[in-house]
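> Below is the structure, and that's it, no one-letter string:
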């Protein structure tokens, strides 16, 4: 059983398969790496962190934010295109500890291009 009521849910680290390295997958991997940096490797909490293996069909991460191309790699064809702009303000999707302004080292407009969003996510 994965979860038990009223007790320890696992006896050791779990192995997790992450399907897809889009924005959500990228952020999960980032959060795990960040958590590992904050813990002492000799602690039980550190030793019980999951081992995550990411499976991505495309040749690069980024999910729906990657550039549309008629690539030769399976999974490289996606729905985004060069001139696409985000219809959500950047303030609703940026990280509290790493803003778009931090990334681009200057003030940025609220609505960004596909390329700028992808660049920000990949740098994270």
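Noted; the coordinates are in hand. These figures come from a predicted structure and were not determined experimentally.
> Now do the contacts for the most centrally placed residue in the chain.
Among the residues of the chain, residue 26 comes closest to the average C-alpha position under Cα atoms, centre = their mean, at 1.7 Å. Residue 26 makes contact with 61, 62, 63, 121, 122, 124, according to Cβ atoms under 8 Å, 6 or more residues apart in numbering. For the C-beta atoms, the positions are set from N, CA and C on the backbone; glycine is no exception.
> Local confidence estimate at it?
Reported pLDDT at residue 26 in the predicted model: 92.
> Am I right that it falls within a strand?
No. Read with DSSP: H, G, I helix; E, B strand; the rest coil, residue 26 is helix and lies in no strand.
> returning to what we had before: and the contacts of residue 26, which two are furthest apart?
Using Cβ to Cβ, the contacts of residue 26 span at most 13.3 Å, a distance reached by 63 and 124.
> Neighbour count for the two, which is higher?
Neighbours per residue, other Cβ atoms under 10 Å: of residue 63 and residue 124, the larger number sits with residue 63, 19 against 14.
> Which residue comes closest to that one once chain neighbours are left out?
residue 22 (2.1 Å; Cβ to Cβ, 6 or more residues apart in numbering).
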